[in-house]
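S.K.: Here you go, sequence then predicted model.
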Amino acid sequence: MSTGFEGLDRSAGESVPEQGTPGPSAARGEAGGATAELTALSATELLAGYEKRSLSPVEVTDAVLDRIERENPALNAFCLVKPDEARAAARASEERWQRGEPQGRLDGVPTAIKDIHLTRGWPTLRGSMTVDPHQEWPEDSPVVARLRENGAVFVGKTTTPELAWKGTTDSPLSGITRNPWDLSTTPGGSSGGSAAAVASGMGPLATGTDGGGSVRIPASFTGVFAIKPTYGVVPHYPASAFGTLAHTGPITRTVADAALMLDVTSAPDARDWSALAPPATPFSAGLGRSVRGLRIAYSPALGHLTVDPEVARVVADAVTTFAELGARVEQVDPPLEDCRHDFQVLWYAGAAKATERLGERERELLDPGLREIIAEGLTYSAQDYLTAVDTRMRMGRDMGLFHADYDLLLTPTMPIPAFEAGPEVPSGSTERRWTSWAGFSYPFNMTQQPAASVPCGLTRDGLPVGLQVVGPRHADALVLAACRAFEEARPWAHL
């Protein structure tokens, strides 16, 4: 493969490619033959094949790199690709498997890293033209360090909006990232590059961050799985300017792969003083738990949100699966107040903090929308901020009491399917900010609860819809088990 696509392209993704048949190219099998078969495999399937010697880390990595070279020009999911380094890592992995000495739990699995996570030797530009790519990059963030220690093959870094500030993925640095189900639409954000990569077969695993929905939004829009774990389950460093709203979580095509990633990335890291102790039992070990007898609340609109009829139809149908599996499902709204203003106070103040050291010339390079929320964030007082924190405390208390009666909460992940790529809000909206259409996601950043998005069907236009599964704090294993039960009852690999 040519290395001509390695590195950064500041003009990528600005034109609208010709729209193809609905559905991700990986699912359509456009690559053909053995390559399509290899890139469709999950991480757990790859690892089983490596152990049996029926699959080769080198062949799998070559297949993924071939797909990246073919698919990425249209999708703009990767802002950096390192084929030579990936192939070298794959060769080393293959030698270890041949010796019967795999390195950790992900040895040889192609993995994409969101361009928010520090990666040793690679620039981490965070979607911003204000970051110097030519400085030293000596350090891995915790999630990258754990993946590297477990033998993951890093293929590149995925696109993000600048500083991961919004729920769509485009930036002045990297251009517009597109949805593999329909190239005219957004994959969502801020982990849109990671989700588009996984959905299109450009690797089975990708890292993401979620401060207001940033793994769940793109998972819903692109038909993949993602979980925002309880805050602190995955150590995070450097500390986010968005504070304890910001979580790190996996984006995968299967629940088992996400559980495996969490097993690896929840290991301790001394740099994160707020991280939780690793779980006593691996997340993967609890995936077989039945949902029979669980008390499950279903809230179609959280009591106040407007939901697209197609999304409402698909989600309502999906919820019946849990009743069929033996859970006690009740339609009830949780006691969540409308927290949009309070979330924006915390979010906009965080954006102002993240950019406080920029000079005037650097600020002119920022995404115009980011500049606007920074300006608003600078108007908030300490009292405004503490009032928003107080709202979080009330919400956390109320949801804690709610989960004394209900084991899980089901909602749509998003009230709408994917919309036009480029704008922050759908065409015709009277709103300006992404928070206007992400009202199902950011409340659970406020409360720090685990929340996952599982693909549950398609609209009549052929766009994916996500079902959000929310648990009480520290019930990540239960959320994963419920998602796995749904996955087995309604396989989504071929939506």
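M.R.: All right, it came through fine. Numbers count the residues shown, from 1 in each chain.

S.K.: Please count neighbours and contacts with C-alpha atoms only from this point.
M.R.: Will do.

S.K.: which residues of the stretch 51-200 of the chain fall in helices?
M.R.: Remark: helices assigned in the stretch 51-200 of the chain by DSSP state H, counting those that start in this stretch are 57-75, 83-99, 142-149, 192-199.

S.K.: Deepest-packed of the ones you listed, please.
M.R.: Counting by mean count of other Cα atoms under 10 Å, helix 192-199 has the highest mean neighbour count of the helices of the stretch 51-200 of the chain, with a mean of 35.

S.K.: how about a markdown table for the helices of the stretch 51-200 of the chain, with mean pLDDT added?
M.R.: As requested, those are exported to a markdown table (pLDDT from 0 to 100):
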| stretch | mean pLDDT |
| --- | --- |
| helix 57-75 | 98 |
| helix 83-99 | 98 |
| helix 142-149 | 98 |
| helix 192-199 | 98 |
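
S.K.: got those as a markdown table, with distance to Arg433 columns?
M.R.: Formatted as a markdown table, the helices of the stretch 51-200 of the chain follow (distance: least, Cα to Cα, whole Å):
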| stretch | distance to Arg433 |
| --- | --- |
| helix 57-75 | 24 |
| helix 83-99 | 37 |
| helix 142-149 | 30 |
| helix 192-199 | 17 |
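
S.K.: Ok, which of those comes nearest His134?
M.R.: His134 lies closest, by Cα to Cα, to one member of the helices of the stretch 51-200 of the chain: helix 83-99, at 18.5 Å.

S.K.: okay, the closest one in CSV with CA atoms only?
M.R.: What follows is helix 83-99, C-alpha atoms only, in CSV (Å, rounded to 0.1, in the frame of the first residue of the first chain):
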residue,chain,number,x,y,z
PRO,A,83,0.6,1.8,7.8
ASP,A,84,4.3,1.0,8.2
GLU,A,85,4.1,1.1,12.0
ALA,A,86,0.9,-0.9,12.0
ARG,A,87,2.4,-3.6,9.8
ALA,A,88,5.5,-3.7,12.0
ALA,A,89,3.3,-4.1,15.1
ALA,A,90,1.3,-6.8,13.3
ARG,A,91,4.4,-8.8,12.4
ALA,A,92,5.6,-8.7,16.0
SER,A,93,2.2,-9.9,17.2
GLU,A,94,2.2,-12.7,14.7
GLU,A,95,5.6,-13.8,16.0
ARG,A,96,4.3,-13.8,19.6
TRP,A,97,1.2,-15.9,18.6
GLN,A,98,3.4,-18.4,16.8
ARG,A,99,5.5,-18.8,20.0
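
S.K.: Which positions in stretch 408-427 come out as buried?
M.R.: By neighbour count on 16 or more other Cα atoms under 10 Å, the buried set for stretch 408-427 is 408-426.

S.K.: actually stretch 293-300, not the one I typed
M.R.: Buried residues in stretch 293-300 (16+ other Cα under 10 Å): Leu294, Arg295, Ile296, Ala297, Tyr298, Ser299, Pro300.

S.K.: who's the fourth one bridged to?
M.R.: Taking DSSP bridges, one obtains Glu330, Leu409 as the residues bridged to Ala297.

S.K.: show me the residues around it that make contact.
M.R.: Val329, Glu330, Gln331, Val332, Asp333, Tyr406, Asp407, Leu408, Leu409, Leu410 (Cα atoms under 8 Å, 6 or more residues apart in numbering).

S.K.: between those, which is nearest Ala206?
M.R.: Of these, the one sitting nearest to Ala206 (Cα to Cα) turns out to be Leu410, at 24.6 Å.

S.K.: how close does that closest one get to Pro172?
M.R.: 36 Å (Cα to Cα, to the nearest Å).

S.K.: try Arg120
M.R.: Using Cα to Cα, Arg120 is found at 24 Å from Pro172.

S.K.: Comparing those two, which shows the higher neighbour count?
M.R.: Between Arg120 and Pro172, counting by other Cα atoms under 10 Å, Pro172 is the more crowded of the two (19 against 15).

S.K.: what sits up against the helix or strand where Asp263 lies?
M.R.: Using DSSP states H and E, Asp263 falls within helix 255-265. Residues from elsewhere that reach helix 255-265 (Cα under 8 Å, 6+ apart): 42-44, 105, 142-143, 146-147, 150, 205, 225-227, 234-235, 249-252, 282-284, 287, 480, 483-484, 487.

S.K.: and that helix, what's its mean pLDDT?
M.R.: In this model, helix 255-265 carries a mean pLDDT of 98.

S.K.: In its sheet, which strands sit next to the helix or strand Val469 falls within, and in what direction?
M.R.: Take DSSP H and E as the rule and Val469 turns out to sit in strand 464-470. Strand 464-470 has the following sheet partners, assigned by DSSP bridges: strand 408-412 (antiparallel), strand 451-458 (antiparallel).

S.K.: Could I have the CA atoms of it written out in PDB?
M.R.: As requested, the backbone C-alpha atoms of strand 464-470 are provided in PDB (Å, rounded to 0.1, in the frame of the first residue of the first chain):
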ATOM      1  CA  PRO A 464     -29.700   3.500  12.000                       C
ATOM      2  CA  VAL A 465     -31.500   4.200  15.300                       C
ATOM      3  CA  GLY A 466     -30.000   3.600  18.700                       C
ATOM      4  CA  LEU A 467     -31.600   2.400  21.900                       C
ATOM      5  CA  GLN A 468     -30.000   3.900  25.100                       C
ATOM      6  CA  VAL A 469     -29.600   1.600  28.100                       C
ATOM      7  CA  VAL A 470     -28.900   3.500  31.300                       C
END
